[in-house]
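Novice: no sequence on this one, just coordinates:
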DNA sequence: AACAATTTTGCAAACGTTTGCAAAAAAACT
DNA sequence: AGTTTTTTTGCAAACGTTTGCAAAATTGTT
């Protein structure tokens, strides 16, 4: 096979630009990568030449040589849910303002060997990492030792050594529950999230507090364990509804769970909100699309993404920044899925 | 400021592994990167050493030196919709099987200067590109000249020089329309997609053909131009419903548009499906969640993603592969949003 | 046992940047 | 005009790989 594929598809390099503009390649590098001292006239000359030649930096080389890759990574379970989608939008928008690119790593695949995995990332070409995953643990330490920038999204770090951005989970849950109580409900069920995630716990606590504060005894039977996904919430709701004394309202720990609950309730032959009220958490785009429109606690998801990016960039530019935790406010969005107690 | 940040956070390199296992670094490279001739015993020794040291390749260096980066890029408008999410899932799953990573580029930002942009990508560190974008044009040629691997998803290439994977748009639209006709509808409106996208045109044609084949005159008034997004579909549906002789059924060119149409119809005080039937296209996850559940034409979105990846890999491993076009079958999914003519 | 053929290994030269250090040029003082 | 200071530039040495080529080791032939 005479496969004379010319492997070398020569690209325009910094050297070409240097030649074209009559300066040394290091000057070009300086012009292109930063703001070092370089005479304005020279800078212009270089910029023009680069433009003319259609130069574009080779990221691999740059990161090898020690510069920033201008890539940040985001570690997520998967792309296929509105929650992540909204956060991703915020991330993306903020990133674009500073000309960074985005690398996506999904965990659902790399089961188990996450540590190795995280090391791979840190070692590689990303300048920092955004983690939107449950069960973060071991590798945080590795990151800390390496001073590798990262921020946790919607997931607390028990050791308080991480930068994290989240929202007022406890309070949001409290408000949701309170709202239900004010509608006259006394038996309020909750479908929890995956309890390994800190926000799931916080929401459960908020629910409990609201109950207590309004003199309603907490009944463990009304707590159904879910995992933030629709199918398990569906099952959980089914369990709740088959109680001898079923709830007249359900607080689902996220919207996806609320959708599952709606399905289950409807299948039990009951109407929403006439027979049972359902409230969610997150306010993903679909929440306003389902019927009846879902009343829910809004997390400013895109904002969360934005803030996370800013915090990460801060660390990148300024290593050794002391850990910060930013908590964004949630607010109740009343739509059509809740009504007064029947 | 005594910021003595030790810039050099030394990583384990191929050289360390070489030392540890008592061979030269090139042998290590060969063991790690490919299947070159190397004695089995040596290979084992190297592998063990690498394992022990926790070695992990530096992608930047590898791609600089001419190897594969094992990263593929995907160019999308944005991450915040179920359609992309599903395709992405397919892509991701398939990629994980071959240990590739994923870089996401969104276009909504780089308005206009897409050519420069695409060149940047191709020049950079991705081994290939998946394009899920409207309005592909100029840069395709650049890719072709450079023999840079790419595949078009759900978007045809008029010149037939690209690898593309899509689904049976014409046929899906035909079936949807036919289904509506068989339910007795005579005045069937259509909300088109963004007409710059080939699939939008194909779906419109399918709709027309079905009409013609069943002796229903095509009425231009019943065609409302949309752009595949909910808000414009909402408006389009409103227009349709305010016709002197409004349609009794609407074929929306994608599910998002169908959601918009549902909203509009409901707001006009009409019921779905009793007063007007609505059918969508795509079958995104939410389609089964809205109420009434949406009858729609299912595209195997994750499959599309999978196939696209396979085609891309094929090109990467085997440059100069002649362009192929794979068209996956759609099928009608009947749910609750369509009924016989009132 | 000598030689040829084949398989396995190692050396060195890229790949395209960044950056410390020193040289050159320009500007600011005497 | 001669110094000193400051700004601007260039050289060279990394960074961690891959890979062509040649040397070394192994195997096969006679």
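Specialist: Good, I have the coordinates. Worth saying up front: this structure is predicted, and the values here are computed from it rather than measured.

Novice: so what touches stretch A:44-62?
Specialist: Stretch A:44-62 has contacts (CB atoms under 8 Å, 6 or more residues apart in numbering or on different chains) with A:11-14, A:16-17, A:20-23, A:27-28, A:31-33, A:68-71, A:125, B:59-64, B:69, B:116, B:119-120, B:123-125. C-betas here are computed from N, CA, C, even on glycine.

Novice: residues of it that come out buried?
Specialist: A:45-47, A:49-50, A:55-62 (16 or more other CB atoms under 10 Å in any protein chain shown).

Novice: so for the closest residue to chain B within the stretch 201-342 of chain A, what's the pLDDT?
Specialist: Closest contact between the stretch 201-342 of chain A and chain B, by CB to the nearest CB, is at residue A:291 (3.4 Å). We have a pLDDT of 81 for residue A:291.

Novice: next one: the one 10 residues further on
Specialist: According to the per-residue confidence, residue A:301 scores 95 in pLDDT.

Novice: count of residues packed around it?
Specialist: Residues lying near residue A:301 (other CB atoms under 10 Å in any protein chain shown) number 26.

Novice: not counting its neighbours along the chain, what's nearest it?
Specialist: With CB to CB, 6 or more residues apart in numbering or on different chains as the criterion, residue A:301 has its nearest non-adjacent residue at 3.7 Å, and that residue is residue A:86.

Novice: what's the local residue count around residue A:36?
Specialist: 11.

Novice: my read is that it contacts residue A:28, right?
Specialist: No: counting by CB atoms under 8 Å, residue A:36 sits too far from residue A:28 to count as a contact (11.3 Å).

Novice: shouldn't the residue of the stretch 201-342 of chain A closest to chain B be within a helix?
Specialist: No: counting by DSSP: H, G, I helix; E, B strand; the rest coil, one finds residue A:291 to be coil, located in no helix.

Novice: from residue A:205, how far out is the residue lying closest to it once chain neighbours are set aside?
Specialist: When the adjacent residues along the chain are set aside, residue A:291 lies closest to residue B:291, with 3.4 Å between them (CB to CB, 6+ apart). For residue B:291, the distance to residue A:205 (CB to CB, to the nearest Å) stands at 32 Å.

Novice: neighbour count: these two, which is higher?
Specialist: residue B:291 (17 against 14).

Novice: the more buried one reaches residue A:286, doesn't it?
Specialist: No: judged on CB under 8 Å, residue B:291 makes no contact with residue A:286 at a distance of 11.7 Å.

Novice: ok, the residue of the stretch 201-342 of chain A closest to chain B - contacts?
Specialist: Neighbour list for residue A:291: B:290, B:291, B:292 [criterion: CB under 8 Å, 6+ apart].

Novice: what about the first one, how many neighbours?
Specialist: Residue B:290 has 22 neighbours, counted by other CB under 10 Å.

Novice: follow-up on the earlier one: pull out the buried members of the contacts of stretch A:44-62.
Specialist: Burial by neighbour count, judged by 16+ other CB under 10 Å, picks out A:12-14, A:16-17, A:20-21, A:23, A:27-28, A:31-32, A:68-71, A:125, B:59-64, B:69, B:119-120, B:123-125 from these.

Novice: list the contacts for the residue lying closest to residue A:284 once chain neighbours are set aside?
Specialist: Spatially, and ignoring its direct neighbours in sequence, residue A:284 is nearest to residue A:82 (3.6 Å; CB to CB, 6+ apart). Contacts for residue A:82 were tallied using CB under 8 Å, 6+ apart; they are A:255, A:256, A:284, A:285, A:286, B:80, B:82.

Novice: could you tell me the end-to-end distance of stretch A:330-337?
Specialist: Stretch A:330-337 has an end-to-end distance of 19 Å (criterion: CA to CA, to the nearest Å).

Novice: quick one: mean pLDDT over it.
Specialist: pLDDT averaged over stretch A:330-337 gives 97.

Novice: do stretch A:96-112 and DNA strand C meet at all?
Specialist: No: under the criterion of CB under 7 Å from any atom of the strand, DNA strand C is not reached by stretch A:96-112; the shortest gap measures 12.9 Å.

Novice: just the buried residues of stretch A:44-62 now: which is nearest residue A:275?
Specialist: Comparing the buried residues of stretch A:44-62 against residue A:275 with CB to CB places residue A:59 closest, at 57.5 Å.

Novice: what about that closest one, distance to residue A:69?
Specialist: Distance, residue A:59 to residue A:69, by CB to CB: 6 Å.

Novice: anything in contact with each of those two?
Specialist: Joint contacts of residue A:59 and residue A:69 (CB under 8 Å, 6+ apart) are A:125, B:60.

Novice: confirm that the residue nearest to residue A:301 sits in a helix.
Specialist: Yes: assigned with three-state DSSP, residue A:86 falls within a helix.

Novice: what count of nearby residues applies to it?
Specialist: Around residue A:86 there are 23 residues (other CB under 10 Å).

Novice: is it true that it touches residue B:80?
Specialist: Yes: with contact defined as CB under 8 Å, residue A:86 counts as touching residue B:80 (6.0 Å).

Novice: what is in contact with the two at once?
Specialist: Listed as contacting both residue A:86 and residue B:80 by CB under 8 Å, 6+ apart are residue A:285.

Novice: quick one: list the elements packing against the host helix or strand of residue A:173.
Specialist: Residue A:173 is located in helix A:169-182, with elements delineated by DSSP states H and E. Using 3 or more CB pairs under 8 Å, 6 or more residues apart in numbering or on different chains; DSSP states H and E, the elements in contact with helix A:169-182 are strand A:188-191, helix A:198-213, strand A:249-252, strand A:277-282, strand A:295-298, strand A:331-333.

Novice: and it, which residues are buried?
Specialist: Quick answer for helix A:169-182 (16+ other CB under 10 Å): A:169-181.

Novice: what angle sits between it and strand A:277-282?
Specialist: Angle, helix A:169-182 to strand A:277-282, by axes from the mean of the first three to the mean of the last three CA atoms, to 10 degrees: 160 degrees.

Novice: measure how far helix A:169-182 is from the centre of its chain, please.
Specialist: 23 Å (CA atoms, centre = their mean, to the nearest Å).

Novice: and for it, what's in contact with it?
Specialist: With contact meaning CB under 8 Å, 6+ apart, helix A:169-182 is reached by A:188, A:198-199, A:202-207, A:209-211, A:213-214, A:216, A:249, A:251, A:253, A:277, A:279, A:281, A:295-297, A:299, A:330-332, A:334, A:338.

Novice: one more pass at 6 Å, please.
Specialist: Contact with helix A:169-182 is made by A:188, A:199, A:202-203, A:205-207, A:209-210, A:214, A:249, A:251, A:279, A:297, A:330, A:332, as judged by CB atoms under 6 Å, 6 or more residues apart in numbering or on different chains.

Novice: and the buried ones among the residues you listed, selectable in ChimeraX?
Specialist: In ChimeraX, a selection of the buried entries from the contacts of helix A:169-182 looks like this (16+ other CB under 10 Å):
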select /A:188,199,202,203,206,207,209,210,249,251,279,297,330
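
Novice: out of the contacts of helix A:169-182, which two are the most distant from each other?
Specialist: The largest separation in the contacts of helix A:169-182, counting by CB to CB, is between A:199 and A:214 at 22.9 Å.
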